[in-house]
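K.L.:
fold the following and give me the result.
(one chain, ligands or ions: 1)
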Amino acid sequence: MTLARVTARVPAKINLSLSVGPLRPDGFHELVTLYQAIALFDDVTVTLKPKDERSTVEVTGEYATSVPLDESNLAYRAAMRVLEAYEDDSAFAISIRKSIPVAAGLAGGSADAAGALLAMDTLLGGQLGKNELHLLAAELGSDVPFALIGNIALGRGRGEEITPALSRGEFHWVLGISNQGLSTPAVYKESDRLREGMIVSSPRISEKLMHALLSGEPEELGKNLSNDLAPAALSLRPGLRLVLDIAAEYAALGAIVSGSGPTIAILARDEEHSLDIAVALTASGVVNNVARALGPVAGARIIESK
Ligand code: ATP
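P.N.:
As a prediction, the model looks like this:
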């Protein structure tokens, strides 16, 4: 059967730890990170169109604004890469239902790219296989390979060298979301400025954090969250400290800037505790939006094909 339209559902990520090493000659930083995919999803629908038509992108949903609708959209670029791999010159329409906030440190753009890779490959017969999809993903962006596999994984290099990690249990997160995003390059630049003159050691992963995941104890996980980019994100957005203060006041197990921010991920004991924290955070007015999400969840998957 020839498919005409496929929808992939892809999760956001948070970084349970992000260890940033020195600046490399290629302008990237060597890093070691532990990703967790959480239950906050974008849906990416790809429809094939006749060759002589124009390819298009549309974005709907709460966070549709400030997403580019031209060839610079990561999902568009991903779809093109798959077509090139198949030597197919069809046109396409991409429709993204966006629930992942933009420029939030949650890798929403990367999620859309992973969704478009998977959906387009499925439309064209699903012949690329995991390895080739992973290679295309790594070329598109550091966080795209993780969005394909989801759950929990260690990321090395720029984050694109992925090793799945073992973990037990489910974690209850509350996300403090700001309307105004932070640019990832700007946060790295601020981090370099703050670390100027300091000796920056090679990035590493905490043994205690890995152990906490294996044991599935949220208390231990909460104590061992870490992010080397947090000082830079807080320097650019001092108001984020108020979110961390509220997390501490409500006895959260831990709270961390996600990736390059400005989203703050707060770890709750259980569902009820996550509701308490979410209500307090909403009432405080220190963030524009609050979401609750369980993690880990699986990576990109097909939810509809016609
Ligand atoms: P990361 O943590 O992966 O560095 P992020 O989560 O902070 O990224 P994204 O939501 O991925 O940020 O958006 C970063 C920028 O990418 C946006 O400002 C936007 O201009 C651009 N972009 C391109 N395509 C997309 C897309 N499909 N969805 C969101 N942003 C996109």
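
K.L.:
near the ligand, which residues of the stretch 101-250 of the chain show up?
P.N.:
By CB under 6 Å from any ligand atom, the residues of the stretch 101-250 of the chain that approach the ligand are 102-110, 112, 143, 184. (Each C-beta comes from the backbone N, C-alpha and C, glycine too.)

K.L.:
again, only using 8 Å
P.N.:
Contacts of the stretch 101-250 of the chain with the ligand, taken as CB under 8 Å from any ligand atom, map to 101-113, 141-143, 181-184.

K.L.:
give me the buried entries from these.
P.N.:
When those are checked for burial by 16 or more other CB atoms under 10 Å, the buried set is 101-113, 141-143, 181-182, 184.

K.L.:
got the contact list for the residue nearest the centre of the chain?
P.N.:
In the chain, the residue lying closest to the centroid (CA atoms, centre = their mean) is Ala107, at 2.8 Å. Ala107 makes contact with 12-13, 100, 143, 146-147, 259, according to CB atoms under 8 Å, 6 or more residues apart in numbering.

K.L.:
all the strands of the chain, residue numbers only.
P.N.:
Ranges of strands in the chain, per DSSP state E, are 5-23, 29-49, 56-60, 91-97, 152-156, 161-164, 171-177, 226-227, 254-257, 264-268, 289-295, 301-305.

K.L.:
quick one: the residue nearest to the centre of the chain from Gly155, how far?
P.N.:
Distance, Ala107 to Gly155, using CB to CB, to the nearest Å: 11 Å.

K.L.:
with Ala113 instead?
P.N.:
Taking CB to CB, one finds Ala113 at 16 Å from Gly155.

K.L.:
please name the nearest non-neighbouring residue to the residue in the chain positioned nearest to the ligand.
P.N.:
Closest approach between the chain and the ligand, counting by CB to the nearest ligand atom: Gly109, at 2.7 Å. The shortest distance from Gly109 to any non-neighbouring residue, by CB to CB, 6 or more residues apart in numbering, is to Leu74 (4.4 Å).

K.L.:
tell me if I'm right that the one you found and Ala113 touch.
P.N.:
Yes: assessed by CB atoms under 8 Å, Leu74 is found in contact with Ala113 at 4.0 Å.

K.L.:
not including adjacent chain positions, what is the nearest residue to Pro11?
P.N.:
That would be Ala37: by CB to CB, 6+ apart, it lies 4.1 Å from Pro11.

K.L.:
who does that neighbour bridge with?
P.N.:
Beta-bridge partners for Ala37, by DSSP bridges, are Lys13.

K.L.:
residues near it, how many?
P.N.:
Residues near Ala37, counting by other CB atoms under 10 Å, number 27.

K.L.:
what does the one 3 residues further on give?
P.N.:
Counted by other CB under 10 Å, the residues lying close to Leu40 total 24.

K.L.:
likewise Gly157?
P.N.:
For Gly157, the number of neighbouring residues by other CB under 10 Å comes to 15.

K.L.:
again, but for Glu87
P.N.:
6.

K.L.:
quick revisit: any shared contact partners between Ala107 and Gly155?
P.N.:
Joint contacts of Ala107 and Gly155 (CB under 8 Å, 6+ apart) are 143, 146.

K.L.:
give the contact list for the closest residue to Leu106 other than its chain neighbours.
P.N.:
Take Leu106 and drop its neighbours on the chain: the residue closest to it by CB to CB, 6+ apart is Ala12, 4.0 Å away. Ala12 is in contact with 37-38, 40-42, 100, 106-108, 111, 293, counting by CB under 8 Å, 6+ apart.

K.L.:
which other residues reach stretch 68-75?
P.N.:
Contacts of stretch 68-75 (CB under 8 Å, 6+ apart): 44, 56-59, 67, 76-77, 80, 94, 96, 109-110, 112-113, 115-116, 140-141, 144.

K.L.:
now do 6 Å
P.N.:
44, 57, 94, 109, 112-113, 116 (CB atoms under 6 Å, 6 or more residues apart in numbering).

K.L.:
gap between that stretch and the chain center?
P.N.:
On the basis of CA atoms, centre = their mean, to the nearest Å, stretch 68-75 sits 17 Å off its chain's mean C-alpha point.
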